[in-house]
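Colleague: Structure of the sequence below:
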Amino acid sequence: MLVCRGAHQSRCKASAIAHIILVLLSTTFYNSSACSNGNCQLLESCSAVTDCAAGLYCGTCPAELKLQPVCIRGQATIPTSIIGGLPFNKYSWLVTHNAFSNANAPQLPGVQRITFYNQEDTVANQLRNGVRGLMLDMYDFENDIWLCHSFGGHCYNFTAFEPAINTLREVEAFLTQNPSEIVTIIIEDYVHTPKGLTMLFTNAGLDKYWFPVSKMPKKGEDWPTVNDMVQQDHRLLVFTSDASKEAAEGVAYQWRYMLENEPGDPGVQQGSCPNRKESKKLNSQSASLFLMNYFPTYPVQAEACKGNSAPLANMVGTCYKAAGNLMPNFVAVNFYMRSDGGGVFDTLDRMNGQTLCGCTTVVACQAGAPFGVCKNIATPTASPVTAAGSFSGSVQLTGLASAAHYPNTLLLCFLHLSLVLLLRYA
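Modeller: Next comes the predicted model:
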């Protein structure tokens with residue numbers, strides 16, 4: 001311990017302060033450079049997305065005052081790659097709310113878009129990162145069917161994103177390139193063109209993957225196994241909010257086959273999981289699929305990292321109990337990549353682990369082992385690398401300071417502080 005006495009007290013204090021600052025600076029440099037070039041693991045400090053290992057990206061969580069960039073999980077574990085062959089309704093999947101509403105989407109020529117955004121990357125990138133459900137709002141617009149985040153049942157040029165066929169072609173490309181994957185599309189349907197959805201999906205080349213309505217269980221029975229769905233190439237499930245489309249076009253009416261909790265603010269209220277008014281009661285056992293919405297009415301990018309962390313995991317438990325111990329099959333979120341660490345990806349791993357093998361996480365499951373017999377794994381420090389693909393690095397959490405510049409900012413702050421203190425006590 002340094003003790004300052006006598007005539008040299010001021011100089012001694014200045015020396016002590018300088019020593020402390022050097023220690024802090026050394027710690028800062030150590031933390032920011034301890035790993036790099038793809039070697040940084042979950043929650044380790046980083047300065048760029050390239051520092052983090054596969055399946056991770058470099059980000060912060062200002063809503064929790066976590067401003068030091070760390071490696072955050074950005075990719076899902078595909079549960080069927082670990083435990084396959086079960087009915088489709090035994091698995092839990094990541095869904096992006098308004099998947100098309102990309103904050104980085106280009107504006108239409110000559111139009112300033114005025115709407116809310118819910119995601120930060122393309123649908124193609126979402127699918128590569130393990131998203132397996134897409135919520136899409138479809139409207140008649142400009143003699144075509146468009147994806148719009150709008151109001152009043154009408155699409156406007158300032159709420160429009162792109163023709164729906166563009167996004168559906170991304171889905172078609174993904175299913176063609178990944179012949180063992182299954183994707184679900186949930187349509188908020190404002191299309192009134194006769195046979196509009198039929199023509200749209202046919203023109204996008206998705207009719208060949210269509211799961212027939214006639215084979216969907218209607219009384220809460222199990223769905224076909226994922227293996228059967230893959231073998232028959234019935235790998236695209238499509239649901240609509242318009243009941244008339246089932247008879248007219250063979251598009252499944254969502255709430256005939258799916259339970260759903262209330263979207264928006266009621267769906268994020270801790271301790272409560274009410275059913276959506278169009279849905280049957282969550283504990284009715286009348287449908288074998290369960291969609292859990294978890295996103296606020298008004299999306300805020302900077303707040304999503306907090307909501308997509310511990311509060312999301314808590315809400316899964318609440319909704320599980322509200323549905324009579326039925327695990328949600330779909331978890332729909334905004335800004336799916338934002339969290340304070342493991343986020344929605346870790347939550348889904350725990351959900352699938354509990355349902356598929358009785359383990360705390362799906363990565364502890366063992367194919368062919370009795371239920372409850374798990375791998376002895378430590379708390380994961382890295383994101384599991386799966387065949388889902390990896391984060392492209394194109395999204396650096398827009399609206400926040402770039403993580404790459406953060407350590408330099410810290411350095412400047414420390415240097416400024418050192419000058420102030422040295423002048424103060426010299």
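Colleague: Could you confirm Ala247 falls within a helix?
Modeller: Yes - assigned with DSSP: H, G, I helix; E, B strand; the rest coil, Ala247 falls within a helix.
Colleague: can you tell me how far Asn275 sits from Trp255?
Modeller: From Asn275 across to Trp255, the span is 10 Å (CB to CB, to the nearest Å). Bear in mind the C-beta positions are built from the backbone N, C-alpha and C, glycine included.
Colleague: Pull the number of nearby residues for the closest residue to Asn102 other than its chain neighbours.
Modeller: Among residues not flanking Asn102 along the chain, Gln119 sits closest, at 5.3 Å (CB to CB, 6 or more residues apart in numbering). Using other CB atoms under 10 Å as the criterion, Gln119 is surrounded by 28 other residues.
Colleague: do the same with Val268
Modeller: When neighbours are counted by other CB under 10 Å, Val268 registers 18.
Colleague: residues touching it, list them.
Modeller: Counting by CB atoms under 8 Å, 6 or more residues apart in numbering, Val268 makes contact with 294-296, 307, 311, 315.
Colleague: Any idea how many residues pack against Phe100?
Modeller: 26.
Colleague: Excluding chain neighbours, what is closest to it?
Modeller: Leu147 (4.2 Å).
Colleague: What residues sit buried inside stretch 303-321?
Modeller: 303-309, 312-313, 315-316, 318-320 (16 or more other CB atoms under 10 Å).
Colleague: can you give me the offset of that stretch from its chain's centre?
Modeller: In terms of CA atoms, centre = their mean, to the nearest Å, the centre of stretch 303-321 is set 12 Å apart from its chain centre.
Colleague: pretty sure the residue nearest to Asn102 is in contact with Val95, am I right?
Modeller: No - between Gln119 and Val95 no contact is recorded; they are 11.2 Å apart, counting by CB atoms under 8 Å.
Colleague: ranges for the strands of the stretch 101-250 of the chain?
Modeller: 131-141, 144-148, 160-163, 183-190, 236-240 (DSSP state E, counting those that start in this stretch).
Colleague: Dump those into a markdown table; add mean neighbour count as well.
Modeller: Shown next, in a markdown table, are these (neighbours: other CB atoms under 10 Å):
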| stretch | mean neighbour count |
| --- | --- |
| strand 131-141 | 23 |
| strand 144-148 | 23 |
| strand 160-163 | 19 |
| strand 183-190 | 21 |
| strand 236-240 | 23 |
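Colleague: Nearest to Asp349, out of these?
Modeller: strand 131-141 (14.0 Å; CB to CB).
Colleague: now the closest one and strand 144-148, what's the angle there?
Modeller: Calculated by axes from the mean of the first three to the mean of the last three CA atoms, to 10 degrees, strand 131-141 forms an angle of 120 degrees with strand 144-148.
Colleague: From the contact counts, what lies against strand 131-141?
Modeller: strand 93-96, strand 144-148, helix 164-177, strand 183-190, helix 196-203, strand 330-333 (3 or more CB pairs under 8 Å, 6 or more residues apart in numbering; DSSP states H and E).
Colleague: any idea of the mean pLDDT for the last one?
Modeller: Across strand 330-333, the average pLDDT comes to 98.
Colleague: if I pick the most centrally placed residue in the chain, what's in contact with it?
Modeller: Central residue of the chain (CA atoms, centre = their mean): Tyr336, 2.3 Å from the mean position. Going by CB under 8 Å, 6+ apart, Tyr336 touches 94, 96, 119, 126, 129, 131, 308, 343-344.
Colleague: could you dump the residues you listed to a markdown table with distance to Lys281 and pLDDT?
Modeller: Listed next are those as a markdown table, based on distance: CB to CB, whole Å; pLDDT from 0 to 100:
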| residue | distance to Lys281 | pLDDT |
| --- | --- | --- |
| Leu94 | 25 | 98 |
| Thr96 | 26 | 98 |
| Gln119 | 30 | 97 |
| Gln126 | 31 | 97 |
| Asn129 | 33 | 96 |
| Val131 | 28 | 98 |
| Asn308 | 27 | 97 |
| Gly343 | 30 | 97 |
| Val344 | 26 | 98 |
